[in-house]
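> I'd like to go over a predicted model; first the sequence, then the structure.
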Amino acid sequence: MQIARVKGTVVSTHKVRSLTGMKLVLVQFIDDQGNPLDKYEVAGDTVGAGINEWVLVSRGGAARVEDSSANRPLDALVVGIIDTVTVENRSLYSKKEAERVY
């Protein structure tokens with residue numbers, strides 16, 4: 001899994017049938033210092049992540065293991081919304097703190 005931040009939503013009215021009803025979000029990956037990377041990806045979202053939330057993203061074949069995404073052409077799936085991230089006893093991210101900023 002990788003840590004990413006939800007930057008926006010992706011709407012596609014014309015798509016393969018298996019993606020019907022799947023929410024799609026644009027995520028930007030985060031490094032171990034909390035800095036955004038230059039890498040973006042479209043991911044399916046079945047957990048209801050919102051804009052600017054930090055999330056856990058499962059990629060590749062692991063993105064299709066979840067029942068809700070099985071047999072869907074997904075390379076990335078948001079599998080969790082992050083509450084906190086701590087690295088070397090230092091808070092890297094806190095959802096409560098981020099909600100105050102936004």
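Noted; the coordinates are in hand.
> how deep is residue 72 tucked in, by neighbour count?
Neighbours of residue 72 under the rule other CB atoms under 10 Å: 17. Heads up, the C-betas are built off the backbone N, CA and C, glycines and all.
> next one: residue 24
18.
> contacting residues for residue 28?
4, 5, 7, 36, 37, 39, 40 (CB atoms under 8 Å, 6 or more residues apart in numbering).
> by neighbours, which of these wins?
Busiest of those [other CB under 10 Å] is residue 4, holding 28 neighbours.
> neighbours of the closest residue in space to that residue that isn't next to it in sequence, just the number please.
Nearest in space to residue 4, with sequence neighbours left out and distances taken as CB to CB, 6 or more residues apart in numbering, is residue 27 at 3.8 Å. For residue 27, the count of nearby residues is 25 (other CB under 10 Å).
> just residue 8 next, same as before
Neighbours of residue 8 using other CB under 10 Å come to 14.
> please name whichever of the contacts of residue 28 scores lowest on pLDDT.
Minimum pLDDT for the contacts of residue 28 is recorded at residue 39 (92).
> ok, back up a step: now the residue nearest to residue 4, what's its secondary structure?
strand (DSSP: H, G, I helix; E, B strand; the rest coil).
> quick one: low-confidence parts of the chain?
Filtered on pLDDT under 70, the chain yields the residue ranges 62-70, 100-102.
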